[in-house]
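Visitor: what's the 3D shape of this:
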Amino acid sequence: MSKAEQLIRMAEDELTEYSTDARKIEKLRRKFSFAVPYPDQKAVREEVEASLPKNFLATLVEENRQTVALPFWGIGGLGLLLGISGKQPLDLIATGIGFYVAFQIQKWGWELQAKRLVLNTLDAIEASVQDSTS
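Guide: Residues are numbered from 1 along each chain as shown. Coordinates of the predicted model:
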């Protein structure tokens, strides 16, 4: 596992806790300082930034992953309801597809959000180092 992947996993773990972004960044700063030495952090930041897509859909999913996935959860639920109540097995296919797409959107948004948190944390570390040297 590369250093960038390790930092992304740490950020994903931090996303599970309900707190502000500032608190998450503060907690991650200590972990990142132990995991990656300061001179190597710039290279890791560039690697994470390069892996972050910059298109409209990625930005939308990153900021509103639950809203984007909601219609697919609805399709899955409706397919399940109609498949069971109407005894139509083809509607159960819509359930599988809807739930799968919704889950993948949620997962992708989670990963994008973790990468953004890594970038913000590395920027905060860089800013604090710049403040202390000047």
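
Visitor: From now on I want contacts and neighbour counts done on CA atoms only, so please keep to that.
Guide: Fine.

Visitor: From the chain's centroid, how far away is the helix or strand harbouring residue 124?
Guide: For residue 124, the host element (DSSP states H and E) is helix 89-133. Centre-to-centre, helix 89-133 and its host chain are 1 Å apart (C-alpha atoms, centre = their mean, to the nearest Å).

Visitor: repeat for stretch 52-70
Guide: Distance of stretch 52-70 from the chain centroid (C-alpha atoms, centre = their mean) equals 10 Å.

Visitor: and what of stretch 36-44?
Guide: On C-alpha atoms, centre = their mean, the centre of stretch 36-44 falls 21 Å from the chain's centre.

Visitor: what's the average pLDDT for the helix holding residue 124?
Guide: Average pLDDT, helix 89-133: 91.

Visitor: shouldn't residue 47 be in contact with residue 4?
Guide: Yes: at 6.9 Å, residue 47 counts as touching residue 4 under the criterion of C-alpha atoms under 8 Å.

Visitor: So which of the two has more stuff around it?
Guide: residue 4 (21 against 14; other C-alpha atoms under 10 Å).

Visitor: Helix or strand: which one has that one?
Guide: helix 3-15.

Visitor: Give me the residues contacting that helix.
Guide: 24, 28, 32, 35-36, 44-45, 47-48, 110-111, 114-115, 117-118 (C-alpha atoms under 8 Å, 6 or more residues apart in numbering).

Visitor: before we move on, back to that, elements contacting the helix holding residue 124?
Guide: helix 3-15, helix 21-35, helix 38-51, helix 56-63, helix 65-85 (3 or more C-alpha pairs under 8 Å, 6 or more residues apart in numbering; DSSP states H and E).
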